[in-house]
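Participant: pasting the structure only:
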């Protein structure tokens, strides 16, 4: 594959994109997991699906939109979805998790309607659902790189605020932090990262790249910064192993990346067990 | 309005839905004081703190902080807060004691700036002030309830606030450590000159430590110096709880888990 990467542009696209999302998905994932929002990532990825489906339908029905990158609409839907979730979470104060099934099923529902309107599944859609090594275009790569730069910059600059929001929202509020605005910004970033990651891992498996590396990192690290570091390390490892095996075995990378993450997770759990037994 | 008062509450009313929780509350906390706010469960103590901290908006009345109306007040780093919920936080959170205490510098450091090495001496000093230096690099979830509470106090004092507000800080701390905990508060008050406002339903321990007392049960029943309180104590408390105080102490242990938001 190393040789092939230098030869084929589509492989370069897939590999570089993979490395980028291997950083941003676990980076935000660390905050998502400790804030117990893992399922929200799942709900948002399904909303992204409806955006992708809408875009595929548009480009099929109107010549004007034929060149439209589905990522744009996917991103837009995902961001709107994140705002809806926040709205629902304030309406159902005591049943905040209700927002998840509402948004998740709504996302799939709209997606399915668009898909049937566009006369069913095609290979394009398949690659969005489960990821693809060959379907990542240069324009995808640039868009994803742009998202990554924005997200990493914001997380670095607002690290201490995001930490406080995640660890103790009330204390944050009491020390004058505008937690509402910060949370909204965070949700929008999550929506963007989901839209970016789905090109490689696929809509159905996006949340796994945000949660599994973090779950593994939490077994072996002390402190939050270390957790983020190991999450990104494990995320990258899973992406690299996953992409290589997907390429050689001709499989959808979503599956191989998730299985690699689970393997890493099991190894981290076993390692921790071994450590405690040795003590 | 005098500058020597750290907190002034005037004519505050607050209700949850239809139930009145605070009615016509007046309270002043002079600089350097150690005020104990006491009252039974559901008496509105925590609500009053949240109103002071701006977490809840009262229907009527004003709160003045350091001589400035609350809505205009910006120096929130001057007020340290240790919430009751500190006992119920996500204990699985992968953060070290150092990281938790450093997060207390967030507001003081300012947006887009890093706490970094510059904050290190301050963070270490705060951790030493609560004698937790041996646990600096341990995850917060590995500590006992009492140790965690010390860490939360270190987080509240790391920004060197002028006043520290504590909501039932000894809930979840075992009885042996409650005494050392109060001694530590005493030190913060006397040695560092931090004004303290402590909310508790534990009247027994508190009256010997504080300089001022406020008795709250939806309205203010007593507000004055600890010496004055000693004289009216028996009468006030009976009025308050509706039964003998010793009975209250007897039941006390069972009450711990029941203390709700109010």
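Facilitator: Good, I have the coordinates. Here the structure is a predicted model, which is why all the values come from computation and not from measurement.

Participant: the residue of the stretch 51-200 of chain A found nearest chain B and residue B:195: what is the separation?
Facilitator: Of all residues in the stretch 51-200 of chain A, residue A:176 sits closest to chain B, at 3.4 Å by Cβ to the nearest Cβ. All C-beta spots, glycine's among them, are computed from the backbone N, C-alpha and C. Noted for residue A:176: a distance of 19 Å to residue B:195, by Cβ to Cβ, to the nearest Å.

Participant: okay, the two: which has more neighbours?
Facilitator: residue B:195 (23 against 17; other Cβ atoms under 10 Å in any protein chain shown).

Participant: quick check, pLDDT for the more buried one.
Facilitator: At residue B:195, the model reports a pLDDT of 93.

Participant: nearest residue to it other than its sequence neighbours?
Facilitator: Leaving aside its sequence neighbours, residue B:195 sits nearest to residue B:163 (Cβ to Cβ, 6 or more residues apart in numbering or on different chains; 4.2 Å).

Participant: residue 118: how many residues sit nearby?
Facilitator: Since you didn't name a chain, this refers to chain A. For residue A:118, the tally of surrounding residues (other Cβ under 10 Å) stands at 20.

Participant: my bad, the chain I had in mind was chain B
Facilitator: Applying other Cβ under 10 Å, I find that residue B:118 has 11 neighbouring residues.

Participant: and it, which of the three is it?
Facilitator: Residue B:118 falls in the coil class when you classify it by DSSP: H, G, I helix; E, B strand; the rest coil.

Participant: how near is it to chain A?
Facilitator: Applying Cβ to the nearest Cβ, to the nearest Å, the value for residue B:118 to chain A is 13 Å.

Participant: what about the strands in the stretch 151-262 of chain B?
Facilitator: Listed in chain order, the strands of the stretch 151-262 of chain B (DSSP state E, counting those that start in this stretch) span B:163-167, B:195-200, B:212-217, B:219-225.

Participant: okay if I get the ones you listed as TSV plus distance to residue B:103?
Facilitator: Below are these laid out as TSV (distance: least, Cβ to Cβ, whole Å):
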stretch	distance to residue B:103
strand B:163-167	16
strand B:195-200	22
strand B:212-217	30
strand B:219-225	34
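
Participant: and of those strands, who's closest to residue B:122?
Facilitator: Nearest to residue B:122, of all those, is strand B:163-167, at 15.7 Å by Cβ to Cβ.

Participant: any idea how far the closest one is from the chain center?
Facilitator: 3 Å (Cα atoms, centre = their mean, to the nearest Å).

Participant: that one pairs with which strands, parallel or anti?
Facilitator: strand B:79-82 (parallel), strand B:195-200 (parallel) (DSSP bridges).

Participant: could you say which of these is packed most deeply?
Facilitator: strand B:79-82 (a mean of 26; mean count of other Cβ atoms under 10 Å in any protein chain shown).

Participant: average model confidence for that one?
Facilitator: Strand B:79-82 comes out at a mean pLDDT of 88.

Participant: what does that strand contact?
Facilitator: A:171, A:174-175, B:49, B:53, B:65, B:104, B:149, B:152-153, B:155-157, B:159, B:161-167, B:169, B:194 (Cβ atoms under 8 Å, 6 or more residues apart in numbering or on different chains).

Participant: next helix or strand past that strand?
Facilitator: Going down the chain from strand B:79-82, the next helix or strand is helix B:97-102, by DSSP states H and E.

Participant: helices or strands up against that next one?
Facilitator: If you count contacts as 3 or more Cβ pairs under 8 Å, 6 or more residues apart in numbering or on different chains; DSSP states H and E, helix B:97-102 packs onto helix A:159-167, helix B:120-129, helix B:145-157.

Participant: what about 6 Å?
Facilitator: Judged by 3 or more Cβ pairs under 6 Å, 6 or more residues apart in numbering or on different chains; DSSP states H and E, helix B:97-102 is in contact with helix B:120-129, helix B:145-157.

Participant: show me what contacts the residue nearest the centre of chain A?
Facilitator: For chain A, residue A:194 is the residue whose C-alpha lies nearest the centre (Cα atoms, centre = their mean; 3.3 Å). Applying Cβ atoms under 6 Å, 6 or more residues apart in numbering or on different chains to residue A:194 gives the contacts A:44, A:45, A:48, A:78, A:206.

Participant: tell me which two of the residues you listed sit farthest apart.
Facilitator: Across the contacts of residue A:194, the longest distance by Cβ to Cβ is 9.9 Å; it joins A:78 and A:206.

Participant: still on that earlier bit, which ones among the contacts of residue A:194 map onto helices?
Facilitator: Members of those lying in helices (criterion: DSSP state H): A:44, A:45, A:48, A:78, A:206.

Participant: please produce a markdown table containing the residues you listed, extended by neighbour count and distance to residue A:108.
Facilitator: Shown next, in a markdown table, are the ones in helices among the contacts of residue A:194 (neighbours: other Cβ atoms under 10 Å in any protein chain shown; distance: Cβ to Cβ, whole Å):
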| residue | neighbour count | distance to residue A:108 |
| --- | --- | --- |
| A:44 | 32 | 12 |
| A:45 | 29 | 10 |
| A:48 | 31 | 11 |
| A:78 | 31 | 14 |
| A:206 | 30 | 14 |
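
Participant: nearest to residue A:62, of the strands of the stretch 151-262 of chain B?
Facilitator: Among the strands of the stretch 151-262 of chain B, the nearest to residue A:62 by Cβ to Cβ is strand B:163-167 (59.7 Å).

Participant: contacts for that closest one?
Facilitator: With contact meaning Cβ under 6 Å, 6+ apart, strand B:163-167 is reached by B:6, B:46, B:49, B:79-84, B:156, B:194-199.

Participant: the residue nearest to residue B:195 pairs with what?
Facilitator: When assigned by DSSP bridges, residue B:163 has beta-bridge partners residue B:79, residue B:195.

Participant: that one and chain A, how far apart?
Facilitator: Between residue B:163 and chain A the distance is 12 Å, computed by Cβ to the nearest Cβ.
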